[in-house]
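1. here's my sequence, what's the structure:
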Amino acid sequence: MNWKTDILLIGQDKIESHILQVSSIDKEYAGNYTCQVEWKPDYEPLQQHYLVTVLIPPMVRAVESLIQAEEGDDVEMACVTQGEPRPRVSWIHREGPLSPSSVITGAHLSIRGVSRRDGGTYICIADNGAGEPGQDRIQLQVQYPPVVSVPEPVVVKGSAGSLGSARAAVISCLVSGIPIPQVTWYRSGMLLDGLYSTTSNSTHFSILINEVGTQDLGNYTCIAQNNQGRAEASIQLSGRPSDVRILSGEGSVSSTQFNLSWTVSSFAPVTDSHIEARKADFYNAAWKHYRFQHPARYEYFNRDSQYSFPLTDLSPDTRYQVRIKCLNQFGESEYSPIHIFRTLKQNYLYDSSGLSGQGQKWWLRSGGETALGSWWFFSIFMILSLI
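-> Residues are numbered from 1 along each chain as shown. This is a model prediction of the structure:
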């Protein structure tokens, strides 16, 4: 018996008990093998044919690892693969689904008219069932002009102190664009180069003002530029009052009056509070307006001050809605959230004088005057009449 092959066998190959053993096989061993057995001199030998296929795990390599394009360009990406059998190729966009304009032809991926959403990492995957799939990555960088956005206007807040005293504020803008834009800050048209501390990463750019004074209030503009264009947005640093909150409960101790308490944060002393109240259960009821003029304050004041004001001429056993906004020299606040309260059915007064051993008292107001004395007079008169 002998073996024949159409390839050259290496010295490590050997035959044991009519079995051909091949060590350290590689792709050069793929081919046809024939086992021949000569059984009679005058007869053709018996033959058994074998086709050997060597499985080779897939390997893949990106033709370009970084591709740069502008919005609207057509883009071609390609990978080179190896393996036995021939690998199948698939594509993944790590940041999301492939663009609807994508066309896959084997190891080639084309995108017509790329947009900024198409940017990111593309993964070329090769798989042939022999071992783990191979993969390589291509970074697609789609260049586009800057886009700038800013949050709501910044209202300065802080602890107690005098007008213009120290407290910090952070002014930020959110910037996107490729290449990463250069950002500069302006206040009222003046370049703020080195005037304040700044922080930034690839998308967030901020100014830190450690000691806000009245000279720091105003309009700040964030300007972003790259080789694709320019964009800007503005944000207002304001000293107007903010965070107006009503502290009063939902119940009243009177049928015609409600003691309204509230707190407000303000950079400067609050000068006025505008109060609006209306009946809650009446459709389209008109607001009744009250004005509380705050006393002037020239020295240190509490920036989170608390105030109170009596709402009068209310109807008994009625639900009311009330809201407040406050003013200072820099402007007015937003209205507070609407607060709802209810007046009493009858006009009871509350005595918190707390006589020793007797606790707190309630008594009924009659005709606008306290009826306690009249009640005692009537009781004494009835006792004397019975005697």
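2. from now on I want contacts and neighbour counts done on CA atoms only, so please keep to that.
-> Will do.
3. mind giving me the packing neighbours of the longest strand along the chain?
-> When the chain is parsed with DSSP state E, its longest strand is strand 134-149. On a contact count with 3 or more CA pairs under 8 Å, 6 or more residues apart in numbering; DSSP states H and E, strand 134-149 meets strand 56-62, strand 66-70, strand 120-127, strand 169-178, strand 218-226, strand 229-238.
4. listing partners with orientation, what would you give for that strand?
-> strand 66-70 (parallel), strand 120-127 (antiparallel), strand 169-178 (antiparallel) (DSSP bridges).
5. can you put those in TSV and add distance to Asp136?
-> Below are those laid out as TSV (distance: least, CA to CA, whole Å):
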stretch	distance to Asp136
strand 66-70	12
strand 120-127	5
strand 169-178	23
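6. could you give the separation of the longest strand of the chain from the chain centroid?
-> Once both centres are worked out by CA atoms, centre = their mean, to the nearest Å, strand 134-149 turns out to sit 22 Å from its chain's centre.
7. rewinding a little: dump the helices and strands packed on strand 134-149 to a markdown table, plus distance to Thr5.
-> Output for these, formatted as a markdown table (distance: least, CA to CA, whole Å):
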| stretch | distance to Thr5 |
| --- | --- |
| strand 56-62 | 21 |
| strand 66-70 | 46 |
| strand 120-127 | 30 |
| strand 169-178 | 60 |
| strand 218-226 | 66 |
| strand 229-238 | 68 |
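8. including mean neighbour count, distance to Ser266 and mean pLDDT, could the strands paired with strand 134-149 go into CSV?
-> CSV is the format used below for the strands paired with strand 134-149 (neighbours: other CA atoms under 10 Å; distance: least, CA to CA, whole Å; pLDDT from 0 to 100):
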stretch, mean neighbour count, distance to Ser266, mean pLDDT
strand 66-70, 15, 48, 95
strand 120-127, 22, 46, 96
strand 169-178, 20, 14, 92
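9. closest to Lys27 out of the ones you listed?
-> strand 120-127 (17.7 Å; CA to CA).
10. who touches the closest one?
-> 58-60, 62, 79, 81, 87-95, 107, 133-141 (CA atoms under 8 Å, 6 or more residues apart in numbering).
11. pull out the buried members of these.
-> Using 16 or more other CA atoms under 10 Å as the burial test, these include 58-60, 62, 79, 81, 87-91, 93, 107, 133-141 as buried.
12. Asp313 contacts Thr256, correct?
-> Yes. In this structure Asp313 lies within contact range of Thr256 using CA atoms under 8 Å: 5.4 Å.
13. residue contacts, the closest residue to Glu64 other than its chain neighbours?
-> Excluding its sequence neighbours, the residue lying closest to Glu64 (CA to CA, 6 or more residues apart in numbering) is Ile138, at 6.7 Å. Counting by CA under 8 Å, 6+ apart, Ile138 makes contact with 62, 64-67, 77, 121-124.
14. closest to Ser176 among the residues you listed?
-> Once CA to CA is applied, the member of the contacts of Ile138 that ends up nearest Ser176 is Thr121, at 17.6 Å.
15. could you find the closest non-adjacent residue to the closest one?
-> Gln139 (4.6 Å).
16. low pLDDT regions in the stretch 1-150 of the chain?
-> By pLDDT under 70, the low-scoring segments of the stretch 1-150 of the chain are 1-2, 4, 6-17.
17. and what of the stretch 201-350 of the chain?
-> 297-304, 347-350.
18. repeat that for 90
-> Counting by pLDDT under 90, the stretch 201-350 of the chain contains low-confidence ranges at 201-203, 209-215, 238-239, 242, 251-254, 265-269, 282-284, 294-306, 345-350.
19. so what's the residue count around the closest residue to Gly229 other than its chain neighbours?
-> In space, and not counting its chain neighbours, Gly229 is closest to Pro145: 4.7 Å by CA to CA, 6+ apart. Pro145 has 22 neighbouring residues, counting by other CA atoms under 10 Å.
20. same question, Val148
-> 21.
21. just to check, it is in contact with Ala233?
-> Yes. In this structure, Val148 is within contact of Ala233 by CA under 8 Å, at 6.1 Å.
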